[in-house]
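1. Here is my input, please return the structure:
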Amino acid sequence: MLPIISAQQTRELDKYTIINEPIASIDLMERAALACSKWFMTKFDRSFPVYIFAGTGNNGGDAIAIARILHKHGYVVHLYVIFGKFSADNEINQQRFKLCCNAQLEYIYSTNEFPNFEPKAIIVDGIFGSGLSKPISGLYSDLIDLLNKADAIRVAIDIPSGLMDTDNPFLQNSDQILRNMCFMAHFTLAIETPFLSMLLPENFMFTGYWTALSIQLDQIFLQQLETPYFLLQETDIASKLKIRKKFDHKGTFGHLFLAAGRKGSLGAALLAAKAALKAGAGLVTAHVPSDAMPVFQTALPEAMIHLDLNDDIITDFSANINYTAVAIGPGIGLHIKTKMALVSFLQQNDKPLVIDADGLNLLAEIPEFFALLSENTILTPHPKEFDRLFGQHSNTMGRIKTQQEISKKLSIIIVLKGAHTSISDSFGNVFFNVTGNPSMAKGGSGDVLTGIIGAFLAKSYTALDSARLAVYLHGLAGDFALKKHSSESVLASDIIHGISAAFRYFNL
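-> Coordinates of the predicted model:
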């Protein structure tokens, strides 16, 4: 897991690395500048004029070093440094720039020194970095306003100037944000690990697409820093996936009981069932309304069927079969009989359980539903479903805090779906996903995820591992689907086809 740490902890990490590697602070700054410059040179060719704006601190020092490196590699660089009390490393980089570069360094004292931008300009923000603790004002505000209005590609170093590391109280109401309060980057180059604020959808207008660049800060110390927030990494997934052994059989990989679908929504049940089988469940029994049998057996002969007594809806979630895990919710609707059946089932269930979609919406109508959830139950709401369950929230950070509180209080796993799906455990830790893409924002994608989670539960993975593995692989399957289709044309069934490629990626 990659810890997501605060700005203060980042400074502690820098200091520890400097002392214990050991490395001089100016050399560590050079390492960061080289990493950023390499990214820049792979992204943009020399035809783009580059305007770099540096503040007085170490973020400005990074920017000045980047200006020198890009100039040496043949880029047309215009460097502007806001005049003030400079940090020691900032001054050293100014001198290095003046000694080795023919390009002139311009100081900004007032708005009179603000430049005009050439066509195809790229603007690099190295004004504040993560050291800011209050809203931008004065000359800085005027400069940010100019940069945001420019017809240019904007790149932020470390973090966009004006954005804080976790949450910005003065930037909460996104439709009233002024253009001069925060640099609006198209790309952000985070150093070692992204800040929490970069993962929030409300801040996308500031961060754009971020990339975390490693500069070999001390990894042992990084892992020791206290934080409840983590980024899922490929190695975390690879270390948890189990390899099938020669004498394993279908019973080894569990039996998922999937209660899903109603008249008019059988597609949700089919998607979840097929995803569960593709994700490796040994057996899947779909509990569906009785009229669904012909369609279901024709569309998915690999799944078994358990029929409800009702033709159109589910009125009983129990079944006299030996299953190892349960998935409930896709397409079941909100009928009162279905709700009563869900309450009855939850009062008796002792199997690993994931609840999604209409299952969550039914829970929201049951005042005592907290008491019905057994430990390690997995809930998979999208933001609107989350608010129905736990109350209205004005922003994602508020939901994440509630997510942590509820997971700790009830000892359950909550999967809050989004571009960076967050998974909370019973200790209040939150794990953010990095796979997936906007093409997956289409009906049925959540049903596929439910099936994948159910498969891992059936295979006797822990609830937390089931959620983390399923979310990561679901997103990765969507990434493989996008390689075969356009961003507009990916269907939920395409994500199911991508599950095979996702497992092959891990040699499974």
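2. What about K246, how many residues nearby?
-> Burial of K246, expressed as a neighbour count using other CB atoms under 10 Å, amounts to 4. C-beta here means a position set from N, CA and C on the backbone, and glycine is covered the same way.
3. Now it: phi and psi?
-> Backbone dihedrals for K246, given as degrees, to the nearest 10, come out at phi -60, psi -40.
4. per-residue pLDDT, it?
-> On the pLDDT scale, K246 is placed at 96.
5. try A63
-> Spelled out, the predicted local distance difference test score at A63 is 98.
6. residue boundaries of the helices in the stretch 201-350 of the chain?
-> Read by DSSP state H, counting those that start in this stretch, the stretch 201-350 of the chain holds these helices, from start to end of the chain: 204-207, 219-224, 234-240, 266-278, 293-299, 336-348.
7. I'd like those laid out as a markdown table, including distance to P119.
-> Conversion of the helices of the stretch 201-350 of the chain to a markdown table gives the following (distance: least, CB to CB, whole Å):
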| stretch | distance to P119 |
| --- | --- |
| helix 204-207 | 24 |
| helix 219-224 | 42 |
| helix 234-240 | 40 |
| helix 266-278 | 48 |
| helix 293-299 | 55 |
| helix 336-348 | 60 |
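8. Buried deepest among those, which one?
-> Among the helices of the stretch 201-350 of the chain, the stretch with the highest mean neighbour count (mean count of other CB atoms under 10 Å) is helix 266-278, at a mean of 27.
9. Please save the CA atoms from that one in CSV.
-> Provided in CSV are the C-alpha atoms of helix 266-278 (Å, rounded to 0.1, in the frame of the first residue of the first chain):
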residue,chain,number,x,y,z
LEU,A,266,-33.0,-9.5,-15.3
GLY,A,267,-30.0,-8.0,-17.1
ALA,A,268,-28.6,-7.0,-13.8
ALA,A,269,-28.8,-10.5,-12.5
LEU,A,270,-27.2,-11.9,-15.6
LEU,A,271,-24.3,-9.5,-15.6
ALA,A,272,-23.6,-10.1,-11.9
ALA,A,273,-23.8,-13.9,-12.3
LYS,A,274,-21.6,-14.0,-15.4
ALA,A,275,-19.0,-11.7,-13.7
ALA,A,276,-18.9,-14.0,-10.7
LEU,A,277,-18.2,-17.0,-12.9
LYS,A,278,-15.6,-15.1,-14.9
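10. helices or strands next to it in the packing?
-> For helix 266-278, the helices and strands in contact under the criterion 3 or more CB pairs under 8 Å, 6 or more residues apart in numbering; DSSP states H and E are strand 255-259, strand 283-288, helix 293-299, helix 445-458, helix 492-505.
11. which stretch among the helices of the stretch 201-350 of the chain comes nearest L491?
-> Taking CB to CB as the measure, those were each checked against L491, and helix 266-278 came out nearest at 9.6 Å.
12. Between strand 283-288 and the closest one, find me the angle.
-> The directions of helix 266-278 and strand 283-288 differ by 170 degrees, with axes from the mean of the first three to the mean of the last three CA atoms, to 10 degrees as the criterion.
13. Go ahead and measure how far helix 266-278 is from the middle of the chain.
-> Taking the mean C-alpha point of helix 266-278 and that of its whole chain, the gap between them comes to 24 Å (CA atoms, centre = their mean, to the nearest Å).
14. now the angle from that helix to helix 492-505?
-> Going by the same axes, to 10 degrees, helix 266-278 makes 10 degrees with helix 492-505.
15. I'd like to check what contacts helix 266-278. Which residues are they?
-> By CB atoms under 8 Å, 6 or more residues apart in numbering, the residues outside helix 266-278 that reach it are 256, 258, 260-261, 284, 286, 288, 292, 295-296, 299-300, 302-303, 327, 330-331, 357, 444, 447-452, 454-455, 458, 492-493, 495-496, 499-500.
16. Quick one: buried ones out of the residues you listed?
-> Listed as buried from these are 256, 258, 260-261, 284, 286, 288, 292, 296, 300, 303, 327, 330-331, 357, 444, 447-452, 454-455, 458, 492-493, 495-496, 499; burial here means 16 or more other CB atoms under 10 Å.
17. on that earlier part again, what's the closest of the helices and strands packed on helix 266-278 to T211?
-> Within the helices and strands packed on helix 266-278, the stretch nearest T211 is helix 492-505; the backing value is 20.4 Å (CB to CB).
18. didn't H71 look like it was pressed against V77?
-> Yes: H71 is within contact range of V77, at 4.5 Å (criterion: CB atoms under 8 Å).
19. coming back round to it: compare the helices of the stretch 201-350 of the chain and report which one is nearest to T380.
-> Distance to T380, taken as CB to CB, is lowest for helix 266-278 among those, at 11.2 Å.
20. what sits against the spatially most central residue of the chain?
-> Centre of the chain computed as the mean C-alpha position; nearest residue by CA atoms, centre = their mean is H420, 1.8 Å away. With contact taken as CB under 8 Å, 6+ apart, H420 is in contact with 199, 432-434.
21. Strands - which of those land there?
-> With strands identified by DSSP state E, the entries of these that belong to them are F432.
22. what's the closest of the contacts of H420 to T235?
-> The shortest separation between T235 and any of the contacts of H420 is 12.3 Å, and it belongs to V434 (by CB to CB).
23. and that closest one, how many residues sit next to it?
-> Neighbour number of V434 under other CB under 10 Å is 18.
24. Please apply the same query to F390.
-> Counted with other CB under 10 Å, F390 comes out at 18.
25. any idea which element the closest residue to it other than its chain neighbours lies in?
-> The shortest distance from F390 to any residue that is not its chain neighbour, by CB to CB, 6 or more residues apart in numbering, is 5.2 Å, and that residue is T402. Secondary structure assigned from DSSP states H and E places T402 in helix 396-410.
26. How about D14?
-> D14 is part of helix 7-20, with elements assigned from DSSP H and E.
27. got it, and H71?
-> Counting by DSSP H and E, the element that carries H71 is helix 58-72.
28. so what does that helix touch, helix or strand wise?
-> Contacting helix 58-72 under the criterion 3+ CB pairs under 8 Å, 6+ apart are the following elements: helix 25-43, strand 50-54, strand 77-82, helix 88-100, strand 122-126, strand 153-157.
29. Output the contacting helices and strands for the fourth one.
-> Packing partners of helix 88-100 (3+ CB pairs under 8 Å, 6+ apart): helix 25-43, helix 58-72, strand 105-108.
30. can you list the residues that contact stretch 335-347?
-> Contacting residues not belonging to stretch 335-347 are listed as 262, 310, 313-318, 328, 332, 358-359, 362-363, 365-366, 369, 372-374 [CB under 8 Å, 6+ apart].
31. From L416, how far off is the closest residue to M1 other than its chain neighbours?
-> Using CB to CB, 6+ apart and skipping the chain neighbours, the partner closest in space to M1 is F230 (4.0 Å). For F230, the distance to L416 under the criterion CB to CB, to the nearest Å works out to 15 Å.
32. With G261 instead?
-> Counting by CB to CB - G261 and L416 are separated by 24 Å.
33. Check C101 too.
-> C101 sits 48 Å away from L416, taking CB to CB as the criterion.
34. higher neighbour count, the two?
-> The neighbour count for C101 versus L416, taken as other CB under 10 Å, is higher for L416 (23 against 17).
35. does the more buried one have beta-bridge partners, and which?
-> Applying DSSP bridges to L416 gives these bridge partners: S422.
36. Do I have it right that it meets T402?
-> No: because the distance of 9.4 Å does not satisfy CB under 8 Å, L416 is recorded as not touching T402.
37. Spit out the residues that contact the two alike.
-> Contact with both L416 and T402 is made by residues F386, according to CB under 8 Å, 6+ apart.
38. Give me the pLDDT for Q176.
-> In this prediction, Q176 carries a pLDDT score of 44.
39. Same check on D167?
-> Predicted confidence (pLDDT) at D167: the value is 72.
40. What's the separation between the nearest residue in space to it that is not next to it in sequence and V50?
-> Counting by CB to CB, 6+ apart, M397 is the residue found nearest to D167 once chain neighbours are left out, at 4.9 Å. The spacing between M397 and V50, counted by CB to CB, is 34 Å.
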